[in-house]
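Undergrad: coordinates only, sequence not included:
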C-alpha cells in the first residue's frame, strides 16, 4: 500500500520559518565571536571584496580595514559570513585573533596558506590599500599618471596596479587594486571609504 504525504501550507511555512531562524542564529554566532575595533579620528575604515586566484581555484572574501597603514585591523569573512578572521598588523607583523584563548597569535605563513590558500604580504598590503607602497621596503616605480601619481609599482615580489581612485577628504583612495605574483592574482575592491 502506497502512502501519500501531503505538505500543507502551514508545514511549508513552519519549515522555512525554522530554517530562517537556524540560519540567522548561525550567522549571529559566527559574527559575534570577533570583537570589532572602533576607529579613532586619525584612522579610516575601508570595506569591500577580496578575490584571490591561483592554480585552478578562486576565493572570494569580504573584508573590512580599520586603522592606518602599518597599524590596523583587517576583518576577513566568507561572502556568506559564516567564517570570519580578525588579523591585526602591529609593527609590520601580522597577528590573528584566536577565539580559543581570546587573544592574538602570530600569524605565520603556513597559517595564512591554510586560511587563504596562499601566503599574502598583509603587512605591506595595508599600505597598498591606501594607494602607496610600504616605505619600509624597496619598491620600483613602473607607471605614473600625467599628474605624477603612482599607478603601478613592484614591491615584495608583487606587481601592483591601481585601476581607479576615489577622492575623499583630499585623499585619493584606490577603488580597485590588482596585485600579482607569479600565478597568484589578488583583486581588492573598495566599496565606500570612511576617512
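TA: That came in fine, so what should we check first? Owing to the predicted nature of the structure, the values given are computational and were not obtained by experimental measurement.

Undergrad: please tell me how far the residue nearest to residue 68 when sequence neighbours are not counted sits from residue 182.
TA: Among residues not flanking residue 68 along the chain, residue 43 sits closest, at 5.6 Å (CB to CB, 6 or more residues apart in numbering). Placement of C-beta: from N, CA and C, glycine included. Distance of residue 43 to residue 182, given as CB to CB, to the nearest Å: 33 Å.

Undergrad: more neighbours: which of these two?
TA: Between residue 43 and residue 182, counting by other CB atoms under 10 Å, residue 43 is the more crowded of the two (17 against 9).

Undergrad: what sits against the more buried one?
TA: Residue 43 makes contacts with 66-68, 72, as judged by CB atoms under 8 Å, 6 or more residues apart in numbering.

Undergrad: could I get the pLDDT score of it?
TA: For residue 43, the model assigns a pLDDT of 75.

Undergrad: same check, this time on the one 5 residues further on
TA: Taken from the predicted model, the pLDDT recorded for residue 48 is 90.

Undergrad: where do the helices sit along this protein?
TA: Remark: helices assigned in the chain by DSSP state H are 9-32, 109-116, 122-128.

Undergrad: weakest of the ones you listed by average pLDDT?
TA: Lowest mean pLDDT within those: helix 9-32, a mean of 50.

Undergrad: wait, doesn't residue 113 sit right on residue 59?
TA: No: contact criterion CB atoms under 8 Å: residue 113 and residue 59 do not qualify, at 12.0 Å.

Undergrad: ok, those two, which is more surrounded?
TA: In this view residue 113 and residue 59 are compared by other CB under 10 Å, and residue 59 has more residues nearby, 16 against 12.
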